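Colleague: From the sequence below, what's the structure:
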Amino acid sequence: DAGYRSLSLEQVAADAEVTRVTIYRKFGNKLGLLDAVAEDLSQRAGLVAGMHAAATLDDPVAAFTAMVTELCRFWNTDPDLFRRLISLAAVDPDGHQVISSREQWRFDQVTQFVTRLDEADRLRRPFDTATAAATIGAATGFTTCDEIASRLHLSHDRIDNLLLAMLHGVIRLQ
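Modeller: Presented below is the predicted three-dimensional model:
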């Protein structure tokens, strides 16, 4: 609540009712703590397993659809915390480092799904793998999903069909 800049690991230790040494050993520094928060979000949502399950589907369209659904489910894990992390990343170099590395992982996953779609000749003109991945990466990012969900008063895990309809302009989904 105090914000990342004013956060002290000593206060974290006091709030957790552990020693300061315990916090430093576990996280090392504030960047380590921030990375642990981001990792906790991923673990709570089962994101890696969900993305892997989507990737194992034989049909590239079904795999892509499952990937979009998985990302929407992930964004629904703790939207308030995602908003804070993204805001922090915009103003703090350490925060940016943590969030951008995780966003790069997400973008790489999106690119793999798009590559499969391209190999199945499912991309619409004028999209190639790079432009489709960039477009889909932006459309399935938290900021876009949060804007849609907030304006429609829906939870993030209920907008996957809207995103898929929107992305039909990039990919032939049927």
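
Colleague: For the rest of this, base every contact and every neighbour count on C-alpha atoms.
Modeller: OK.

Colleague: what's the first-to-last distance across stretch 86-100?
Modeller: 9 Å (Cα to Cα, to the nearest Å).

Colleague: what's the single longest helix in the chain?
Modeller: helix 93-119 (DSSP state H).

Colleague: Could you list the buried residues of that one?
Modeller: By neighbour count on 16 or more other Cα atoms under 10 Å, the buried set for helix 93-119 is 94-96, 98-99, 102, 106-107, 109-118.

Colleague: How far off centre is that helix?
Modeller: 8 Å (Cα atoms, centre = their mean, to the nearest Å).

Colleague: Ok, stretch 74-85 next?
Modeller: Worked out by Cα atoms, centre = their mean, stretch 74-85 lies 9 Å from the chain centre.

Colleague: How many residues are close by residue 71?
Modeller: Neighbourhood size, residue 71 [other Cα atoms under 10 Å]: 22.

Colleague: Repeat that for residue 171.
Modeller: Using other Cα under 10 Å: residue 171 sits among 23 other residues.

Colleague: Can you name the residues that contact the residue nearest to residue 68 when sequence neighbours are not counted?
Modeller: Nearest residue to residue 68, sequence neighbours excluded (Cα to Cα, 6 or more residues apart in numbering): residue 160, at 6.2 Å. Listed by Cα atoms under 8 Å, 6 or more residues apart in numbering, the contact partners of residue 160 are 68, 69, 72.

Colleague: What backbone torsions are found at the most far-flung residue of the chain relative to its centre?
Modeller: Outermost residue of the chain with respect to the C-alpha centroid, by Cα atoms, centre = their mean, is residue 19; its distance is 32.3 Å. Main-chain dihedrals, residue 19, degrees, to the nearest 10: phi -80, psi 160.

Colleague: correct me, but it touches residue 11?
Modeller: No - in this structure residue 19 lies outside contact range of residue 11 using Cα atoms under 8 Å: 10.0 Å.

Colleague: Poorly predicted segments of this protein, please.
Modeller: Scanning the chain for pLDDT under 70 picks out 1-7.

Colleague: quick one, helices of it?
Modeller: Using DSSP H, helices in the chain cover 9-16, 20-27, 30-45, 47-55, 60-75, 79-91, 93-119, 129-139, 142-152, 160-167.

Colleague: mind listing what's buried in the last one?
Modeller: Same thing as helix 160-167. 160, 163, 164, 167.

Colleague: ok now do the third one, which residues does it touch?
Modeller: Contact criterion Cα under 8 Å, 6+ apart gives 65, 68 as the residues in contact with residue 164.
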